[in-house]
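**Student:** Please find the sequence and the predicted model below.
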Amino acid sequence: MKTANSEKVYDAIVVGSGISGGWAAKELCENGMNTLVLERGRNVTHVADYTTANMDPWDFKFNGQATREVRERMHKQHRTGYTTNEASAHWFVDDIKHPYNEVKRFDWMRGYHLGGRSIMWGRQSYRWSDIDFEANKKEEIAVDWPIRYADIAPWYSKVEKFVGISGESLGLRQLPDSEFLPPMDLTCAEQELKDQIAENYSDGRLLTIGRVAHITDENGGFEGRVSCQYRNRCIRGCPYGAYFSSLSSTLPAAERTGNLTIRPNSVVHQVVYDENSGLATGVKVIDAETKEEMVFKAKTVFLCASAIASAGILMQSTSDRFKNGMGNDSGELGHNIMDHHFHVGAYGTTDKFSDRYYSGRRPNGIYIPRFRNIGGQTDMPNFTRGYGYQGGAGRGSAVHEVREMKGWGDSLKNAILKPGQWNMNLLAFGECLPYHDNKMTLDYEKQDEWGLPTITFDAEWKENEWNMREDMEQQAKDMLRKAGFENIRGYNREDAAPGLGIHEMGTARMGRDAKTSVLDGNNAVHGARNVFVTDGACMTSASCVNPSLTYMALSARAANFAADEVKNGKFDYYG
């Protein structure tokens, strides 16, 4: 790892090393740009630091459960029900050391280390369509996206060929196909639901295997990465590099160019701005361990620290020109927080296929693409936008036999060894509209240990989301019922707050006008044209599909644009 030099003028600085930052670094370095990546968390080495990747349940002191210390120190992370346990707690932040505030509940999941949340992400990867990019304009909601699907389609292809996306081509208008590796297999119960949906519905709905960032064919030239081993221990870090993370792919690609410098433990809190040139000249950093303050210089700056953190940096980047935060002429910085609302859907069981089981632990589920509000009979009277379903079918154990103490001796042992019923879960993910009053603010009275303001969230679901959720639950129950499943139970968690989907978006949205947006069509900050934001902060609407693939495509697109601008002398503050 090269040593960062505060006297040197880098061609580019990238703040954050996760999904967006990794792609920005790769593209910048491959364009000949001498690039410094600043990561606020610790250094992590691919494979060597995946300390729990090969551990079995009996290898953990508490059988993998969350310890009392984790529950106390990670109280907000743990309340989500996500895996802040012995196997993965080390990837998530300490809520006491890294506090935030809530006017209304907001579940902010964070990982401060090299690679960021690209190590722990769910890997579901879907393209957006023009239905998504045009919705705001057609419905006169918020502001229009400054790009369309045609602008980003080539970048989707570039990203997908490098990442490796397993999936099935469908030819859907609302869900464009990717550059696919072979799809993973459905279980027999999932195939049954797929067949029954096709037979019982005429509105275009269908079931497919999830589109997931896992290599299923090694012939694509994925340097240093091999095919998925079907262990489903992905959140611990994949020593095979089978799933995409910046640590296993984009950062090594950037490093191979010889143009990459990485500095961990670097808390970036401000972009330095020159009033005369209208350009950023670098960033201010606090060393996370020594508390030393320093400035790193560059010709262009990429903020890829996550939707909330990048917006926070811009909000702290005040000057005579930007009194309310860099790029905030519109007053929209920190507003329009979006996430996907979920924890709504239905379960069902079936007695069919009792003689069948599956092999391996498939790190993927099913997907039912959006079938609401895409025209004709699909349009709904009481909500706009749409939703899709993830989930899957499997066979549980007969552990209920133990709990109910049915039988003794041999009969009990035999019951324990038998698999339970096939069960199916349809879990919906719905689009949230961009509301100006869903926001984050900075609290300078409550500071963290580096003397920086903490973030306060004030966001909630509104009528459109609550109306959509009723349909999300009902349609899940109807599909299972028509397919012959039994014991159908719907669910709709009222405490499923924003942030729980871990798809925070919108805090520095793209747009066509500096009066109503923070970024332009190239992801550059209005009024500071050499500062780019390509993580979830840039999103102008939320779609209903997982956004990470779009972050990657936008990052690659913006990095290539910025590299050309630097080469052409457009960002010539340093000459």
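**Tutor:** Sure thing, it's come through.

**Student:** what's the distance between Gly41 and His98?
**Tutor:** Using C-beta to C-beta, to the nearest Å, Gly41 is found at 10 Å from His98. Every residue, glycine included, has its C-beta placed from N, CA and C.

**Student:** quick one: low-confidence ranges for the stretch 301-450 of the chain?
**Tutor:** For the stretch 301-450 of the chain, the stretches flagged by pLDDT under 70 are 398-407.

**Student:** Helices of that one, residue ranges please.
**Tutor:** 307-316, 399-403, 409-417 (DSSP state H, counting those that start in this stretch).

**Student:** So which of these is nearest Asp177?
**Tutor:** helix 307-316 (27.0 Å; C-beta to C-beta).

**Student:** domains for the protein, by residue range?
**Tutor:** Using automatic domain parsing, the domain parsing of the chain gives 8-67+111-164+244-337+436-460+503-575, 174-210+341-430+467-496.

**Student:** re the thing from before, what's the overlap in contacts for Gly41 and His98?
**Tutor:** Common neighbours of Gly41 and His98 (criterion: C-beta atoms under 8 Å, 6 or more residues apart in numbering): Tyr112.

**Student:** Just want to check the distance between Ala483 and Ile286.
**Tutor:** On the measure of C-beta to C-beta, Ala483 and Ile286 end up 56 Å apart.

**Student:** Can you get me a residue count around Pro183?
**Tutor:** 18 (other C-beta atoms under 10 Å).

**Student:** How about Leu193: what's its closest non-neighbour residue?
**Tutor:** In space, and not counting its chain neighbours, Leu193 is closest to Ala483: 4.9 Å by C-beta to C-beta, 6 or more residues apart in numbering.

**Student:** Over to that neighbour: give its phi and psi.
**Tutor:** The phi and psi values for Ala483, taken as degrees, to the nearest 10, are phi -90, psi 0.

**Student:** show me what contacts it?
**Tutor:** So Ala483 contacts 192-193, 196-197, 200, 348 (C-beta under 8 Å, 6+ apart).

**Student:** Which of these fall within helices?
**Tutor:** 192-193, 196-197, 200 (DSSP state H).

**Student:** now these in JSON lines, with neighbour count?
**Tutor:** Shown next, in JSON lines, are the ones in helices among the contacts of Ala483 (neighbours: other C-beta atoms under 10 Å):
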{"residue": "Glu192", "neighbour count": "21"}
{"residue": "Leu193", "neighbour count": "27"}
{"residue": "Gln196", "neighbour count": "18"}
{"residue": "Ile197", "neighbour count": "18"}
{"residue": "Asn200", "neighbour count": "13"}
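
**Student:** ok, back up a step: could you save the helices of the stretch 301-450 of the chain as CSV and add columns showing distance to Gly122 and mean neighbour count?
**Tutor:** Output for the helices of the stretch 301-450 of the chain, formatted as CSV (distance: least, C-beta to C-beta, whole Å; neighbours: other C-beta atoms under 10 Å):
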stretch, distance to Gly122, mean neighbour count
helix 307-316, 16, 26
helix 399-403, 26, 12
helix 409-417, 31, 11
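
**Student:** Kindly reformat those as TSV containing distance to Tyr389.
**Tutor:** TSV is the format used below for the helices of the stretch 301-450 of the chain (distance: least, C-beta to C-beta, whole Å):
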stretch	distance to Tyr389
helix 307-316	24
helix 399-403	26
helix 409-417	32
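
**Student:** how about these, which one is nearest Gly392?
**Tutor:** Short answer: helix 399-403, nearest of those by C-beta to C-beta, at 19.4 Å.

**Student:** could you list every residue that touches Gly430?
**Tutor:** Contacts of Gly430 (C-beta under 8 Å, 6+ apart): 340-342, 344, 385-387, 465, 468-469, 472, 544.

**Student:** Now do the same contact list for the closest residue to it other than its chain neighbours.
**Tutor:** Counting by C-beta to C-beta, 6+ apart, Gly430 lies nearest to Tyr387, which is 3.8 Å off, once chain neighbours are set aside. Tyr387 makes contact with 370, 372, 428-431, 468, 471-472, 544, according to C-beta under 8 Å, 6+ apart.

**Student:** Roughly how far does His214 sit from Met184?
**Tutor:** The separation that His214 has from Met184, given C-beta to C-beta, amounts to 8 Å.

**Student:** Name the residues contacting each of these two.
**Tutor:** Common neighbours of His214 and Met184 (C-beta under 8 Å, 6+ apart) are 166, 364.

**Student:** got JSON lines for the contacts of Tyr387, with distance to Gly360 too?
**Tutor:** Converted to JSON lines, those look like this (distance: C-beta to C-beta, whole Å):
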{"residue": "Arg370", "distance to Gly360": "29"}
{"residue": "Arg372", "distance to Gly360": "34"}
{"residue": "Ala428", "distance to Gly360": "26"}
{"residue": "Phe429", "distance to Gly360": "25"}
{"residue": "Gly430", "distance to Gly360": "31"}
{"residue": "Glu431", "distance to Gly360": "33"}
{"residue": "Met468", "distance to Gly360": "35"}
{"residue": "Asp471", "distance to Gly360": "34"}
{"residue": "Met472", "distance to Gly360": "30"}
{"residue": "Cys544", "distance to Gly360": "29"}
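
**Student:** Any of those buried? List them.
**Tutor:** Among those, those classed as buried by 16 or more other C-beta atoms under 10 Å are 370, 372, 428-431, 468, 471-472, 544.

**Student:** all helices of this structure, in order?
**Tutor:** Taking DSSP H, the helices of the chain run over residues 19-30, 68-73, 75-79, 130-139, 149-163, 188-200, 251-256, 307-316, 399-403, 409-417, 463-482, 548-567.

**Student:** These: lowest mean pLDDT?
**Tutor:** Looking at the helices of the chain, the lowest mean pLDDT belongs to helix 399-403 (a mean of 56).

**Student:** Excluding sequence neighbours, find me the nearest residue to Ala562.
**Tutor:** Using C-beta to C-beta, 6+ apart, the nearest residue to Ala562 is Thr300, at 4.9 Å.

**Student:** Per-residue pLDDT of the one you found, please?
**Tutor:** Listed pLDDT for Thr300 reads 98.

**Student:** in terms of contact, does it touch Asp564 like I think?
**Tutor:** No. Here Thr300 does not reach Asp564: they are 10.9 Å apart, not a contact under C-beta atoms under 8 Å.

**Student:** follow-up on the earlier one: would you reformat the ones in helices among the contacts of Ala483 as CSV and include distance to Asp458?
**Tutor:** Below are these laid out as CSV (distance: C-beta to C-beta, whole Å):
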residue, distance to Asp458
Glu192, 45
Leu193, 40
Gln196, 43
Ile197, 40
Asn200, 43
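
**Student:** on that earlier part again, so which of the helices of the stretch 301-450 of the chain gets nearest Glu86?
**Tutor:** Of all these, helix 399-403 comes closest under C-beta to C-beta, at 20.4 Å.
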